[in-house]
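>>> Sequence first, then the predicted structure:
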Amino acid sequence: MVRLPLVLAAALAACAAAPPRSAPAGPEADSRAARRGIHYQLEIPAPSQQWVHVTMTVPRPQGLRSEVAMPAWTPGSYLVRDHARHVDGVVAKDLKGRPLPMRRIDKQTWRVDHGIGGFTLSYRVFADEPGVRTSHVDDRHATLNGSSIFMYLVKGTARPITVGLSLPTGWQAHTALERAGTEAASFVAPDYDTLIDSPMELGDAEVRSFDVAGARIELVFSAPAGSNADTARIAADLEKVVKAFARMMSGLPLRRYVFLVVADETGDGGLEHAASTLLRVPRDMFADASGYRRMVNLGAHEFFHLWNVKRLRDVALRPYDYRGEDYTRLLWFHEGFTETMEQQALLRAGIVEGEAYLRELATGWTAYRKKPGRNHAPLGELSFDAWTKAYKPSPSHGNTQISYYEKGYLLGVCLDLELRLRSAAHGQRGSLAGLFRRLMTSHGGSGAGLTQADIVAAAAAEAGEPMHDFFARHVDGTAELPLPELLARVGVRVNAEATTRAHSGLVLAADRSVRNIEPDSPAQAAGLMLGDEVIAVAGRRVRSGDEAQARLAEHRPGERIEVAVFRGGRLELRSITLVADPHRNYRFELAADTTLNPVTLGLRKLWLARD
């Protein structure tokens, strides 16, 4: 295939999480930076074969030998992915093309004996993992995540970077990396962190753009097999959200941002970056309004990471350790509170009305209250365990874990209400958005790492009084979240409705296997086990988990029901004595304005206001 040479030379000064660097002064400084810089040349010679060929050039290494490594993980996704497993054909040469001694010293690191001169390292990466955390190439397009493509010079990640691409005919490169000078595809990256924090979408994509608060916002929509999406509608929704965030956060912290969207058969969410996000969505989900709502929810979440994670980041994640696990106890803040702010932005943008927001909040609270593991461990511990539990779930986790996204979101709603109520008592207007503005003032521009103590201090300043008790109970401790009580104090009626259906305590997968058994439930008392395959209920064959639950629901509390299961290939019969469902379905509704005092009514209006 004919390839068009495209040289990228690449940068993202405006979106780096670190504080801005001073510009080099004059041609001599530019020349020094170029000499100590690192250049990557990328080529995709046969897209259908899915190999990305990379040549890394280090003109001036330090010392007589250097180590070069491939990251073990992708920042923002807390799982060791061992990207080096896709690397093949590593060869080291000096700058005249002569072979150099090299050996692999661990699963992801190579040592090059280059002597006093520079060296090149050539290798290829097999890119066959569609997703927002990995890289994928086919004959229509390529999605490149830097952490799975670019090796780094150990102890040299602060060096400036240039990148060159050779692209198949008709392809274009889309990335948050800013063009340098007047060249159509020339970019510079101030360091390795910025390079791999700027994913690339290569191919033939549709591009739309709009301006908000002095920033150019781009939507790059890539649908290699087609999509039923109206990209103008998506862009209009995203513009509303970006404007809402700009108002909430007193502006935007950059001059350009890119929504990179890949629409394919499945979709798998999004991943945040300092000046962009990579989103992967099902290509045919836009048949009705629900698909566009999913799209704007995802976009809003990742966009707020501009502040929370990219500019406000746990000190434990500064700098990133690309070799392996970087442990943080703040994912309830980084991810959960981002979900809270996401929903606040949809309210402010008018995409969701107040009553609809309360319905969705009640649905989430109902689901949360049904999860036995919601208060088993503190949120900090859930965050710390992300590497081994959140991303590698065990069958036991249903009763011992809760997502830090889910609980963190609800905690964020509670904190927002607490700040509004407590600050009102002092004649102030506190909020969760105000807490983030304070943290941006104290930490966002300095690049200083964030601690839980910093968050507590900002909350206290926003509330006008100490907030240690709230965090001690609900972050360091496992006390139940006080959402119903807080809602009542801002003029929202909370209805907890009992159901008449019987309860077994069984949670079944679609294939009829037992996925979880609630503690102290009839199913546990009957001796059912995780992994049992339910084949009959009360003498009637069932073909799916939903059908089994439907058969159980036909009976009343107090009835004794025989359940037949396969366990390890043998037939087992168990009798379950059903009980009344202990769970409640929640409804959150606005109390009549006439029943509220002026202060409470004012608080509610501000909380649910559309800008």
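Nice, I can see it.
>>> Give the ranges of residues in this protein that sit below the confidence cut-off.
Judged by pLDDT under 70, the chain has its weakly predicted residues at 1-35, 180-186.
>>> make it 50
Within the chain, the ranges that satisfy pLDDT under 50 run 1-27, 29, 184.
>>> the longest helix in it is where?
If you go by DSSP state H, the chain has its longest helix at helix 404-424.
>>> In terms of secondary structure, what does that helix contact?
Judged by 3 or more C-beta pairs under 8 Å, 6 or more residues apart in numbering; DSSP states H and E, the packing partners of helix 404-424 are helix 337-349, helix 354-369, helix 379-384, helix 432-439, helix 452-463, helix 468-474, helix 483-489, helix 598-607. Just so you know, the C-beta spots here come from the backbone N, C-alpha and C atoms, and that holds for glycine as well.
>>> mind redoing it with 6 Å?
Secondary-structure packing of helix 404-424 (3 or more C-beta pairs under 6 Å, 6 or more residues apart in numbering; DSSP states H and E): helix 337-349, helix 452-463, helix 483-489.
>>> Pull out the buried residues from the last one.
Using 16 or more other C-beta atoms under 10 Å as the test for burial, helix 483-489 gives 483-484, 486-487, 489.
>>> between the helices and strands packed on helix 404-424, which gets nearest to Glu533?
Taking C-beta to C-beta as the criterion, Glu533 comes closest to helix 337-349 out of the helices and strands packed on helix 404-424, the separation being 35.1 Å.
>>> roughly how far apart are the residue nearest in space to the middle of the chain and Trp51?
Centroid check for the chain by C-alpha atoms, centre = their mean gives Leu271 as the closest residue, at 4.7 Å. Here Leu271 is placed at a distance of 23 Å from Trp51 (C-beta to C-beta, to the nearest Å).
>>> swap in Gln524?
Separation of Gln524 from Trp51 (C-beta to C-beta) stands at 52 Å.
>>> what's the answer for Thr400, then?
Taking C-beta to C-beta as the criterion, Thr400 is separated from Trp51 by 43 Å.
>>> what do you get for Gln452?
Separation of Gln452 from Trp51 (C-beta to C-beta): 45 Å.
>>> Just list what the helix or strand Ala173 falls within packs against, helices and strands only.
When secondary structure is defined using DSSP states H and E, the element that contains Ala173 is strand 172-175. Using 3+ C-beta pairs under 6 Å, 6+ apart as the contact criterion, the secondary-structure elements in contact with strand 172-175 are strand 200-203.
>>> who's in contact with the strand it packs on?
With C-beta atoms under 6 Å, 6 or more residues apart in numbering as the contact definition, strand 200-203 has outside contacts at 141-144, 171, 173-175, 220, 222, 260.
>>> related to what we said a few turns ago, who has more neighbours out of Thr400 and Trp51?
When Thr400 is set against Trp51 and neighbours are counted by other C-beta atoms under 10 Å, the residue ahead is Trp51, at 19 against 14.
>>> Who are the contact partners of that one?
With contacts defined as C-beta under 6 Å, 6+ apart, Trp51 is in contact with Arg124.
>>> Return the set of residues that bridge with it.
Per DSSP bridges, residues listed as beta-bridge partners of Trp51: Phe126.
>>> which among the contacts of strand 200-203 gets closest to Asp191?
Lowest distance from Asp191 to those (C-beta to C-beta) belongs to Thr175, with 15.8 Å.
>>> OK, contacts around that closest one?
Residues near Thr175 by C-beta under 6 Å, 6+ apart: 198, 200.
>>> Quick check: it vs Pro168, distance?
17 Å.
>>> Likewise for Val258?
From Val258 across to Pro168, the span is 21 Å (C-beta to C-beta).
>>> Just want to know which of the two has more residues nearby.
Set side by side, Val258 and Pro168 show unequal neighbour counts under other C-beta under 10 Å, the larger going to Val258 at 25 against 21.
>>> My understanding was that the more buried one contacts Ile217; is that so?
No. The criterion here is C-beta atoms under 6 Å, and Val258 misses it with Ile217 at 7.9 Å.
>>> So for these two, which residues contact both of them?
Common contacts of Val258 and Ile217, defined by C-beta under 6 Å, 6+ apart, are absent altogether.
>>> Tell me the secondary structure at Phe566.
Three-state assignment for Phe566 (DSSP: H, G, I helix; E, B strand; the rest coil): strand.
>>> and the nearest residue to it once chain neighbours are set aside, what does it touch?
With C-beta to C-beta, 6 or more residues apart in numbering as the criterion, Phe566 has its nearest non-adjacent residue at 4.3 Å, and that residue is Glu533. With C-beta under 6 Å, 6+ apart as the criterion, the residues that contact Glu533 are 512-513, 565-566.
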